[in-house]
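1. 3D model of this:
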Amino acid sequence: MTTIYHKSDSRGHANHGWLDSHFTFSFADYYDPERIHFGMLRVLNDDRIDGGGGFDLHPHENMEIVTIVLEGELEHKDNMGHTMVIRPDEVQIMSAGTGIYHSEYNKNPDIPVKLLQIWIMPDKKNITPRYDQKAFEPTARQNDWQLLVSPDVPGSLWINQQAWFNRITLDESETSEYSMRRDNDGAYIFVIDGEVTVEGILLEKRDGLGISEIPSFSLKAGKKSEILVIEIPMR
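-> Numbering: from 1, shown residues only. As a prediction, the model looks like this:
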């Protein structure tokens, strides 16, 4: 088993007033040569956008971009004609492919929006850009794995990579086992809220743990916890 542990307060940080961001991996002006990526996971940003704030129209290409809204409402517009609002328990995915332009704004003037934005390096480059979005029932992840994103499972959002996004809400003292879908994959475990022990390693709110060279791992919640597990190819 190989692990890499990222304590929440060790992440990169930028506060622009309207935007408060924490970066698990190198991003924008934050650069750490030890934190470029974990396998095909390139970006895991933990953002808070104040009311009325947002990102103007900007480009992406050849990246799989997953957005998970935790609180508030995020308004998305793109050059493919989509104008959408992403709310808690909804997930958005974009295959940037040959190139897209989009903007993201807090829809509400007085309420902050909190979100995770995650970039996965694609399996195939220069595909036709695409957009998808789906709401997921929160009760379905109570002490059970809820599959959000995958390359091959009906009911999940499709991604252009051999990657699986799983979310679970564990009650205090509950345990769960996660089994890798493929040999040689790794998994990045991110604690959205709570406190969980993974293979003897204690993770608290907003801590992250990359784990590989293991066929499965167990989680035990020290208190009620919300956890995201991203399984990806390591190379």
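
2. skip the chain neighbours and tell me the closest residue to residue 48.
-> Excluding its sequence neighbours, the residue lying closest to residue 48 (CB to CB, 6 or more residues apart in numbering) is residue 20, at 4.4 Å. To be clear about C-beta, it is placed using only N, CA and C from the backbone, and glycine gets the same treatment.

3. quick one, what contacts the one you found?
-> 14, 47-48 (CB atoms under 8 Å, 6 or more residues apart in numbering).

4. pairing partners for the host helix or strand of it, with directions?
-> Secondary structure assigned from DSSP states H and E places residue 20 in strand 19-23. Take DSSP bridges as the rule and strand 19-23 pairs in its sheet with strand 12-15 (antiparallel), strand 41-49 (antiparallel).

5. can you list the buried residues in it?
-> In terms of neighbour count (16 or more other CB atoms under 10 Å), strand 19-23 has its buried residues at 20-23.

6. go through these and name the one nearest residue 142.
-> In terms of CB to CB, no member of those lies closer to residue 142 than residue 22, at 27.0 Å.

7. quick check: that closest one vs residue 224, distance?
-> According to CB to CB, to the nearest Å, residue 22 stands 22 Å off from residue 224.

8. got the strands paired with strand 19-23 as CSV, with mean pLDDT, distance to residue 189 and mean neighbour count columns?
-> Below are those laid out as CSV (pLDDT from 0 to 100; distance: least, CB to CB, whole Å; neighbours: other CB atoms under 10 Å):
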stretch, mean pLDDT, distance to residue 189, mean neighbour count
strand 12-15, 97, 19, 14
strand 41-49, 98, 11, 22
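
9. distance to residue 139 added to those, as CSV?
-> CSV is the format used below for the strands paired with strand 19-23 (distance: least, CB to CB, whole Å):
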stretch, distance to residue 139
strand 12-15, 34
strand 41-49, 25
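
10. note down every partner strand of the longest strand along the chain and its orientation.
-> As assigned by DSSP state E, the longest strand anywhere in the chain is strand 216-233. Strand 216-233 has these partner strands in its sheet, going by DSSP bridges: strand 164-170 (antiparallel), strand 175-179 (antiparallel), strand 185-198 (antiparallel).

11. could you identify which of these is most buried?
-> Mean neighbours per residue, mean count of other CB atoms under 10 Å, is largest over the strands paired with strand 216-233 for strand 164-170, with a mean of 23.
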